[in-house]
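Peer 1: predicted coordinates and the sequence they were generated for:
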There are 2 protein chains.
Amino acid sequence: MRVKRLDAFFSPGSVAVVGASAEPGKLSNIILESLKKTGFPGEVYPVNPKYSSIGELPCYPSISDIGSNKVDLAVFALPAEKTIDVLRQSAGLIKGAIIIGGGFGETSEEGKVLERKIKEFVKETGIRVIGPNCMGIYDTVSRLDTFFIPGDRIERPVKGGLSILSQSGSFAITAMDELAAEGVGVARVISYGNKADVGETDCLEFLVDDEETTAVAIYIESIEDGRRFVEAAARCAAKKPVMAVKVGKAGAGINAARSHTGAIAGRYEIYRAAFRKAGVIELDGYEDFIAACKAFGTRKEALGNRVMIITDGGGMGVGIADACSASGLEVPPLSEGLIEKLAGVFPPYFAISNPIDLTGSATDGMYAEALERTLSEDVYDMAIVAALWGPPALSDGLPALLADRAEFIKKPVLICSPGGRYSRAKAELFRRSGFPVFPTPEAAVRAASVLARANAIRKETV
Amino acid sequence: MRVKRLDAFFSPGSVAVVGASAEPGKLSNIILESLKKTGFPGEVYPVNPKYSSIGELPCYPSISDIGSNKVDLAVFALPAEKTIDVLRQSAGLIKGAIIIGGGFGETSEEGKVLERKIKEFVKETGIRVIGPNCMGIYDTVSRLDTFFIPGDRIERPVKGGLSILSQSGSFAITAMDELAAEGVGVARVISYGNKADVGETDCLEFLVDDEETTAVAIYIESIEDGRRFVEAAARCAAKKPVMAVKVGKAGAGINAARSHTGAIAGRYEIYRAAFRKAGVIELDGYEDFIAACKAFGTRKEALGNRVMIITDGGGMGVGIADACSASGLEVPPLSEGLIEKLAGVFPPYFAISNPIDLTGSATDGMYAEALERTLSEDVYDMAIVAALWGPPALSDGLPALLADRAEFIKKPVLICSPGGRYSRAKAELFRRSGFPVFPTPEAAVRAASVLARANAIRKETV
């Protein structure tokens, strides 16, 4: 029942933007522009008594003027006090509301009173609310986009299987923007801010059976309904990977979280225990969050924690191996048989072990051989490839060649591409070939570790 | 005495490239091109019996044909066996040699024999050797550049105060390339590979009194002369920050290091104790190395571990505060007096604490006010500023304005600029204004931690 009522957010037939402005650059105007850009297929109703139309859309003085049963979702872009008044007038006229404005519980005692009024409204009417003090929803399935920052500042990711839940709007937009640049697709991104009503648990309950969502990543400052969260997360984690970063861990972070959304962060150990119980993969901060999102962008599962490392830079290989060991990943040596086979293919000065160091003499073909022959072996669950672009023989065809060779091996291949301008341009080629690309050895290993932990959790829950 | 003899490497009057090729793309030809590009002011002598000239330079059949007392430094770009023969013929004709080729101790028993012959040569002649299996030297002071990868693949950093010592060539070039893209300058970069003769200790001894070098960062796979290293590092660390990453820490990493340069990595605890004794700042892997280099690129010292955080994204602020706490950095709250002052300047919905959250309403001026007023207080040693570019009022003038306000406050200001294309473009503006820029909250905090640890070591050694 509770889940059903979230449909207004994830498959709305129509959206009203309350407090819509005709002025470019205003939050509400950006939302109207975004809905046009994403190609939202339903009706869009600007609401503002000041205008009779905004762009090509007729503008309504109030929600009641639109007509009954016309508005599924209302997005409120109004000052805090005004929001409460208009929200009350909307009772019976809307199925869900997103309140993007701040000035509620996160600021003052007055704000707390206003936020309590939102909660009362939800209780009285049964109308669900996302927010206040949030970005709302970016959804590649329903094509809803209430994130009120223009696409040229915060790029929107393409369609994909990853759904993101975030208490923090800035965390959500920054992650979205970075994932867009990294070519990682998303299904639904939900920023719920102060969580006067809908929070991560409600969203998780919806995502359990959401076929568009293949993995879930959550940013948490606080969870109020611990038992319900664990239950929902466990149900979701039984079907798809659920990962979570909990900030406000200690000292300064706890204080910062309190002043941010008024959240009582609580002892981190409690969260960690809850994650473990629910089968949620624990992430450590922004870097881990991004690495995890990239890892699941590939949609290939690792069936264990054994990593094959292939590089043309010996030192980089050592660094990756070090980071693997520090993260509890195994770097199994090559079998005698495989060493013999590879020795026939590669010059004698190559380090044919794990890591394989193809040295400055590396060619596209050698990378392909090394990757295919090692990853086909049962002892490896995934590969980290660090092509450093020093070797003169490496060509722009390398990424496509590796993608071709890796296609039928159902194991993740993570690309480590540290360096400057040339490497960053080449990294783009790897992205276009469908590989997740990481800027440092440590970042690649973070992703490998998340994949290995996801497998460990899958095994436990089976 | 030992140090003096390294002058041939760091201020050579002339360089011979032995095995020089006229063919573009060959390692030796790239070196000749590089020396032209860097504007090496001394004589350059290509040596190869096959040519009478290469480009505009006359080419010599052998080093002895150049004449006596003409060649300070000879760079050997020859196969391993040939290298030994020609090296022997150079006795008495050169002051130093860089042997870039591989095929020595890192590969086979035969290679080990050849490497021993290099050691015998050094012992017999007193001529110092860098290498084999190395990239040699990139030096913005002497304008020497033996790194045999073209500048369009591996960009060279501008002139600066940081010197880098690296056993691994790939680590050195990747770091150089990344630092170039980040606008961080270097003094001297030395890659010594197998260390048949010159290693990190010799270089450190030289850098103690090198006025061009204001900070030293070292990549270590193994150290053979522990006591000498600690002594040299301590002397250097008493004058300027010395930082080191030791790879081959555990399990897979140790094996990888052995197969890379034949190094016996040894127990990490021994290295850690040596670093502590010498006052060397311990770095953990590539990410920490890059963050540390960027931190010292600014040439501003932190006089403690107390961090002020300013952002327009509350969630990012919490993440930075969390990472600070995890790294042992303090995030002191604002004083009552300061809160009162700032409350007069900023709207009431700003979170005026530490972190300061300027929200989506942030302007350039607010950032400048927040930075100047907080950093002027005695309770803060440095600032991390995370401008997320969501706020519509932020302009391209922000970096220059902050640089202007921070100029007379002798405290480091670290910029955290996570996100996608727009943020990455804006990060460039911060770089141009002289700020070190970090792609994640964690990376900025890594740099802050290195600055704090450098201060702690300075205090100990005073």
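Peer 2: On my side now, so go ahead. Numbers count the residues shown, from 1 in each chain, chains lettered A, B, ... in the order given.

Peer 1: what sits against the residue in the stretch 351-462 of chain A that chain B sits nearest to?
Peer 2: Scanning the stretch 351-462 of chain A for the residue nearest chain B gives A:Gly420, at 3.4 Å (criterion: CB to the nearest CB). Using the backbone N, CA and C atoms, a C-beta is placed for each residue, glycine as well. With contacts defined as CB atoms under 8 Å, 6 or more residues apart in numbering or on different chains, A:Gly420 is in contact with B:154-155, B:177-182.

Peer 1: residues in contact with stretch A:399-406?
Peer 2: With CB under 8 Å, 6+ apart as the contact definition, stretch A:399-406 has outside contacts at A:364-365, A:367-368, A:371-372, A:375, A:385, A:413, A:415, A:426, A:429-430, A:432-435.

Peer 1: among these, name the ones in helices.
Peer 2: For those, membership in helices holds for A:364-365, A:367-368, A:371-372, A:375, A:426, A:429-430, A:432, with DSSP state H as the criterion.

Peer 1: list just the nearest of the residues you listed to A:Val198.
Peer 2: A:Arg432 (36.5 Å; CB to CB).

Peer 1: identify the residues contacting A:Ala101.
Peer 2: Ala isn't right for residue A:101; it's Gly. A:76-80, A:83, A:131-133.

Peer 1: nearest spatial neighbour of A:Leu358, skipping sequence neighbours?
Peer 2: In space, A:Leu358 comes closest to A:Asp312 once its chain neighbours are excluded; the distance is 4.6 Å by CB to CB, 6 or more residues apart in numbering or on different chains.

Peer 1: got a pLDDT number for that neighbour?
Peer 2: A:Asp312 is assigned 94 on the pLDDT scale.

Peer 1: still on that earlier bit, over to the residue of the stretch 351-462 of chain A closest to chain B: give its phi and psi.
Peer 2: As for A:Gly420, its main-chain torsions (degrees, to the nearest 10) stand at phi -110, psi -140.

Peer 1: so how far is B:Glu182 from it?
Peer 2: Here the criterion is CB to CB, to the nearest Å. By it, A:Gly420 lies 8 Å from B:Glu182.

Peer 1: got it, and A:Ala443?
Peer 2: For A:Ala443, the distance to B:Glu182 under the criterion CB to CB works out to 16 Å.

Peer 1: so between these two, which is more surrounded?
Peer 2: Each of A:Ala443 and B:Glu182 has its neighbours counted (other CB atoms under 10 Å in any protein chain shown); A:Ala443 has more, 26 against 20.

Peer 1: contacts for the helix or strand containing A:Cys236?
Peer 2: Per DSSP states H and E: A:Cys236 is located in helix A:226-237. Contacts made with helix A:226-237 from outside it, assessed by CB under 8 Å, 6+ apart, are listed as A:200-201, A:204-205, A:207-208, A:216, A:223, A:242, A:244, A:270, A:274-275, A:277-280, A:457, A:461.

Peer 1: and after the lowest-mean-pLDDT helix or strand in chain A, which helix or strand comes next?
Peer 2: With mean pLDDT, DSSP states H and E as the measure, the helix or strand of chain A carrying the lowest mean pLDDT is helix A:251-261 (a mean of 74). Proceeding N to C from helix A:251-261, the next assigned helix or strand is helix A:268-278, under DSSP H and E.

Peer 1: list the buried residues in that following helix.
Peer 2: Of the residues in helix A:268-278, those buried under the neighbour-count criterion (16 or more other CB atoms under 10 Å in any protein chain shown) are A:268, A:271, A:274-275, A:278.

Peer 1: remind me what it packs against, helices and strands.
Peer 2: The elements that helix A:268-278 packs onto, with contact taken as 3 or more CB pairs under 8 Å, 6 or more residues apart in numbering or on different chains; DSSP states H and E, are helix A:226-237, strand A:242-246, strand A:281-283.

Peer 1: what's the angle between the helix or strand just after the last one and strand A:242-246?
Peer 2: Once strand A:281-283 ends, the next helix or strand along the chain (criterion: DSSP H and E) is helix A:285-297. Orientation check (axes from the mean of the first three to the mean of the last three CA atoms, to 10 degrees): helix A:285-297 against strand A:242-246 gives 170 degrees.

Peer 1: any idea how far helix A:285-297 is from the chain center?
Peer 2: Taking CA atoms, centre = their mean, to the nearest Å, the mean C-alpha location of helix A:285-297 is offset from the chain mean by 7 Å.

Peer 1: give the buried residues for it.
Peer 2: Of all the residues in helix A:285-297, those buried under the rule 16+ other CB under 10 Å are A:285-297.

Peer 1: next one: stretch A:55-69
Peer 2: Of all the residues in stretch A:55-69, those buried under the rule 16+ other CB under 10 Å are A:57, A:59-60, A:63, A:66.

Peer 1: can I get those in CSV with pLDDT and distance to chain B?
Peer 2: Listed next are these as CSV, based on pLDDT from 0 to 100; distance: CB to the nearest CB, whole Å:
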residue, pLDDT, distance to chain B
A:Leu57, 96, 22
A:Cys59, 97, 22
A:Tyr60, 97, 26
A:Ile63, 96, 25
A:Ile66, 96, 28
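
Peer 1: identify the farthest-apart pair in those.
Peer 2: Considering CB to CB, no two members of those lie farther apart than A:Leu57 and A:Ile63, which are separated by 14.7 Å.

Peer 1: contacting residues for A:Gly111?
Peer 2: Shown here is A:Gly111, whose contacts under the criterion CB under 8 Å, 6+ apart are A:80, A:103-105.

Peer 1: just among those residues, which is most surrounded?
Peer 2: With neighbours taken as other CB under 10 Å, the top of the contacts of A:Gly111 is A:Phe104, carrying 29 neighbours.

Peer 1: longest strand anywhere in chain A?
Peer 2: If each strand of chain A is counted by residues according to DSSP state E, the longest one is strand A:159-166.

Peer 1: partner strands of that one and their direction?
Peer 2: When sheet partners are counted by DSSP bridges, strand A:159-166 sits next to strand A:186-191 (parallel), strand A:215-220 (parallel).

Peer 1: got the angle for the least confident helix or strand of chain A vs strand A:215-220?
Peer 2: Between helix A:251-261 and strand A:215-220, the angle comes out at 90 degrees (the same axes, to 10 degrees).

Peer 1: so how far is helix A:251-261 from its chain's centroid?
Peer 2: Helix A:251-261 has its average C-alpha position 23 Å from the chain's average C-alpha position, going by CA atoms, centre = their mean.

Peer 1: stretch A:70-87 now?
Peer 2: For stretch A:70-87, the distance to the chain centre is 28 Å (CA atoms, centre = their mean).

Peer 1: and the spatially most central residue of chain A, what is it in contact with?
Peer 2: In chain A, the C-alpha nearest the mean C-alpha coordinate belongs to A:Ile164, at 4.2 Å (CA atoms, centre = their mean). Shown here is A:Ile164, whose contacts under the criterion CB under 8 Å, 6+ apart are A:172, A:175-176, A:186, A:188-190, A:216-219, A:293.

Peer 1: which one of the residues you listed is nearest B:Tyr349?
Peer 2: Relative to B:Tyr349, and with distances defined as CB to CB, the nearest of the contacts of A:Ile164 is A:Ala172, at 19.6 Å.

Peer 1: chain neighbours aside, what residue packs nearest to that closest one?
Peer 2: Of all residues beyond its chain neighbours, the one nearest A:Ala172 is A:Ser166 (3.9 Å), with distances taken as CB to CB, 6+ apart.

Peer 1: show the pLDDT at A:Val44.
Peer 2: According to the per-residue confidence, A:Val44 scores 98 in pLDDT.

Peer 1: that one: what secondary structure?
Peer 2: Following DSSP: H, G, I helix; E, B strand; the rest coil, the label given to A:Val44 is strand.
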